[in-house]
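>>> what's the 3D shape of this:
(chains A and B)
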Protein chains: 2
Amino acid sequence: MATLKQVAAHAEVSVQTVSNALNAPHRLRADTLARVNRSIELLNYRPNRNARSLRTSAVELIGYCVPNWPNRTHLVMDQFLHALCAAAERTARHILLFTAEPGVDGMPTYDDLHARRLVDGFVLSQTETRDPRHGWLKNQEIPFVSFGRVWKETTQPGPWVDVDGAAGSALAVRHLYDTGRRRIAFVGWPKSSGLGEDRLGGWRTECKRLGLPTTSLAVRCREDSIEEGARVTGELLDAGREVDGIVALSDILALGALRELTRRGLRPGPDVGVTGFDDSPLAEVVSPGLTSFRQPMDLIAEELIAILTGGSGGAPAERLLQPELVIRGSSVPG
Amino acid sequence: MATLKQVAAHAEVSVQTVSNALNAPHRLRADTLARVNRSIELLNYRPNRNARSLRTSAVELIGYCVPNWPNRTHLVMDQFLHALCAAAERTARHILLFTAEPGVDGMPTYDDLHARRLVDGFVLSQTETRDPRHGWLKNQEIPFVSFGRVWKETTQPGPWVDVDGAAGSALAVRHLYDTGRRRIAFVGWPKSSGLGEDRLGGWRTECKRLGLPTTSLAVRCREDSIEEGARVTGELLDAGREVDGIVALSDILALGALRELTRRGLRPGPDVGVTGFDDSPLAEVVSPGLTSFRQPMDLIAEELIAILTGGSGGAPAERLLQPELVIRGSSVPG
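Predicted coordinates:
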C-alpha cells in the first residue's frame, strides 16, 4: 500500500500538497491538483476515507489514569505509555489519559468516564492493597485489566499482567553466581512493600538452591534513594560480611551501592557485582553501566490490550511475564 | 455541591451502593434504594446526568503524541502529563494519547485523528528545527499549541508555551554569585542543541553583567550522561581553572559533576556550588541534594490548554514562563 510520502515523491510535490489535494483541493492550482490525483490513482493510494465520519462508538477508547505518586520516581513511564498506545492502536483503539483521586474518592471519575461513554474500559496501574477499583469496576461490569498484582490478597480481584520480580531476583543471583560471586547480598525496600517482599523471596530461594549463605545478607532501606542504597551498602561492608555481590531492588538503590563501593576504592564489577531493577535511563548513564532487569514493555502492553479487548469468558486472565537481564559493567568480573 | 461520598455517609451505605442507585437501581433492595434517593435529594447531589448520552462532539479531546526519543531521558514526563490532563479536565476536556512517526512521516496520523474527529486539537512537544507539524496543522486549520519553541528559526511557526532556560541559567549564576562563587563554569550540551545554546547564553550574559570571567569556563559534553558530566568536570579541574561554581545544563550532567568533585575529595556545596536543570527525581535522591530548576508544570499546562481552547484571534500566543530555583545542599556554602 502506497504512503502519502510516496505519492508526494511521485507527483514531485510536498506531502503537504498531497494532503491539500485530499482535504482542501480548492487551495491547489488546477494542474497541480490533476498531477497529484493522477499519482494517487497510479499508486493506488487509499486515504482512510470511510472513517471520516462523525466520531462513533465503534472507535473504542481505553482509559488510563496517569500516576501521581509524589514520592516515587517513574523512570520508565514514558516507555510504558508509548508501548500501551502503540498496542491499543494496533487494534484501532486509543488511550484516553485522565487524572483521578487515589482510592475510593477516585471512583466517581471512573464511573463518569464510562457512563458518558468516553471510554469503553480501563487499564489500571498503581494497584494497592485493598484497591477499591477492581470490585467497583467488576460490579459495574466495566471491562478492566490491571498492570501489576494487588499484594497481600489471597486471590487477585481481576485480570492482570505483571512482571515476575521473584524470578528476576533469582536470575540476578544466578548471574552473579555464574560470574564467581559466593556471598550475594540483597538491598531492599521496607517490609510494607509487597513488590519488595516478592523480589526478596526470589533472592532467598535462589541463594538456598545454590547453597549460598543468606544470614544477615538481606538489608532494608528506609526509602528508595541513592543515599539509602549507599548507607546500607556501607553497613554491609562495615559488618565484615565479605559481600562480593549485591542484588538491589531498584536502579536507584543500585546507584547508591555503586557510589559507596567506589568511595571505598572497590571496583563495581571486578570486586563486587551489582544488579538493579527496571533498566531505567540511569542504568545506561552511569559508569560502569548498571546491569539491570528490563520490563518487557511491548509484551506487557500487548497482553494488557489483548485481555481487555478479548472478552471475559471463564477464569480471569493472568499473565506473569519474565524480566530480561541486561548485562553491563557493574556485574562483569573484568 | 455534595459529593458521592457525602451522600454515601448520609445514607449510611457504601459509595458503590450510591453509584448503583444511580446507574443500576435494580441491583438494590427497594428500601436501600429509597434511603439513598432520599439522601440524594436532601443533599441536592447532582450527578452529571445530562452528559450521559452517547459520546458527542461537545466532549473535546486533545491529542498529545507520547514522546519516544530513544536516547533521551524523560525524567519529568509523568509530572507534565499529570498537569496536562488536570488542566484539560478543568475545562471538561480530556487528553487522547497517541504515537506517531517522527517528522513528516507522522503527519498522516495527525491528519487521520483530526479527520475522524477523534481529537479537536493538538498539544505538540519534542519540537524540532524545521518541524513539519506546525505548517501542516496551520494549513489544515487544526488548532494546536506547542510546548517548547522551535529553535533556529526567526519567527515561531505557531503559538507556544516554553520555559525560559536563559533566565534559568542567569538565575543559577546569580544564586552561585550570592553564595560567594566567583569562577562559575558552564557544563553544557553539543552546539547542535538550540535549547543548550539558549541556556549557555543566559550563563554568559549574567557572568558578564556581574563582572565574572567566562573565558575557557564553558565546556560541552558529547551527550547527556553522568559519565560525560564527570569527564568535563575533571577537565575543568585539571586545567587549573579554579572553578568554584558549576551551572550544569541538566540534572544528569550535574550528577556527573557531583560525582567527580566527591571523587577528588571536594565537597559539593562548601567547595564548589553545583546547579542542575529540571528538578528531576534524581535531584532529591542524591546527597547532597541537587539545587535545580523546576519547570512550573501546572502553569505550563494551564497556559497550553488556555491557548489551545481560547480561539486564535490576532497574533499567535506566546508564553515564556520562568523556572523556579529549588535550593538544596549542592549549592549551599555550608
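
>>> list of residues touching stretch A:172-187?
Counting contacts by Cβ atoms under 8 Å, 6 or more residues apart in numbering or on different chains, the residues outside stretch A:172-187 that touch it are A:169, A:200, A:202-204, A:206-207, A:210, A:212-213, A:217-219, A:221, A:229, A:232-233, A:236, A:241-249, A:253-254, A:256-257, A:273, A:275, A:291, A:293, A:325, A:327, A:331-333. C-betas here are computed from N, CA, C, even on glycine.

>>> now, of the residues you listed, which are buried?
Buried residues within the contacts of stretch A:172-187, counting neighbours by 16 or more other Cβ atoms under 10 Å in any protein chain shown: A:169, A:200, A:202-204, A:206-207, A:212, A:217-219, A:221, A:229, A:232-233, A:236, A:241, A:243-249, A:253-254, A:256-257, A:273, A:275, A:291, A:293, A:325, A:331.

>>> burial of the closest residue in space to A:D279 that isn't next to it in sequence, as a residue count?
Computed as Cβ to Cβ, 6 or more residues apart in numbering or on different chains, the closest residue to A:D279 that is not its neighbour in sequence is A:R294, at 3.8 Å. Around A:R294 sit 18 other residues, with neighbours defined as other Cβ atoms under 10 Å in any protein chain shown.

>>> tell me the pLDDT at A:R294?
Among the per-residue scores, A:R294 shows a pLDDT of 94.

>>> next up, the contacts around it.
Counting by Cβ under 8 Å, 6+ apart, the residues that A:R294 touches are A:D278, A:D279, A:P323, A:E324, A:L325, A:V326.

>>> give me the subset of those lying in strands.
With DSSP state E as the criterion, strands contain A:E324, A:L325, A:V326 from among the contacts of A:R294.

>>> turn the residues you listed into TSV, columns for distance to chain B and pLDDT.
Compiled in TSV, the ones in strands among the contacts of A:R294 are given as follows (distance: Cβ to the nearest Cβ, whole Å; pLDDT from 0 to 100):
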residue	distance to chain B	pLDDT
A:E324	17	95
A:L325	20	96
A:V326	14	96
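
>>> where in chain A is pLDDT low?
In the prediction, chain A carries residues with pLDDT under 70 at positions A:1, A:23, A:46-59, A:69-74, A:311-316.

>>> what is the biggest helix by length in it packed up against?
Looking across chain A with DSSP state H, the single longest helix is helix A:194-209. The helices and strands touching helix A:194-209, judged by 3 or more Cβ pairs under 8 Å, 6 or more residues apart in numbering or on different chains; DSSP states H and E, are helix A:165-178, strand A:184-188, strand A:218-220.

>>> isn't A:A88 up against A:G63?
No: proximity of A:A88 to A:G63 does not meet the contact threshold set by Cβ atoms under 8 Å, at 11.0 Å.

>>> comparing those two, which shows the higher neighbour count?
With neighbours defined as other Cβ under 10 Å, A:A88 and A:G63 compare such that A:A88 has more, 26 against 23.

>>> next, that one: phi, psi?
When read as degrees, to the nearest 10, the backbone of A:A88 gives phi -60, psi -40.

>>> before we move on, what about the one 5 residues further on?
The main-chain torsion angles of A:R93 are listed as degrees, to the nearest 10 and equal phi -110, psi 170.

>>> how close does A:V15 sit to chain B?
With distances defined as Cβ to the nearest Cβ, to the nearest Å, the gap from A:V15 to chain B amounts to 5 Å.

>>> over to A:A248?
13 Å.

>>> do you know how far the residue nearest to A:D279 is from A:P268?
The span separating A:R294 from A:P268 equals 19 Å under the rule Cβ to Cβ, to the nearest Å.

>>> A:L299 now?
A:L299 sits 30 Å away from A:P268 when distances are taken as Cβ to Cβ.

>>> higher neighbour count, those two?
Set side by side, A:L299 and A:P268 show unequal neighbour counts under other Cβ under 10 Å, the larger going to A:P268 at 27 against 17.

>>> that one: what's it in contact with?
Residues in contact with A:P268, defined by Cβ under 8 Å, 6+ apart, are A:A257, A:L258, A:L261, A:T262, A:V274, A:P288, A:G329, A:S330.

>>> which stretches of the stretch 1-150 of chain A form helices?
Counting by DSSP state H, counting those that start in this stretch, the stretch 1-150 of chain A has helices at residues A:4-11, A:15-23, A:30-42, A:77-90, A:107-115, A:132-139.

>>> and the fifth one with helix B:77-90, angle?
What it means is helix A:107-115. 70 degrees (axes from the mean of the first three to the mean of the last three Cα atoms, to 10 degrees).

>>> alpha carbons of helix A:107-115, as PDB, please.
In PDB, the C-alpha atoms belonging to helix A:107-115 read as follows (Å, rounded to 0.1, in the frame of the first residue of the first chain):
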ATOM      1  CA  MET A 107     -14.200   6.100  41.700                       C
ATOM      2  CA  PRO A 108     -16.800   8.700  40.500                       C
ATOM      3  CA  THR A 109     -14.200   9.700  37.900                       C
ATOM      4  CA  TYR A 110     -14.000   6.200  36.500                       C
ATOM      5  CA  ASP A 111     -17.800   5.900  36.700                       C
ATOM      6  CA  ASP A 112     -18.400   9.200  34.900                       C
ATOM      7  CA  LEU A 113     -15.900   8.400  32.100                       C
ATOM      8  CA  HIS A 114     -17.700   5.200  31.500                       C
ATOM      9  CA  ALA A 115     -21.200   6.400  31.900                       C
END
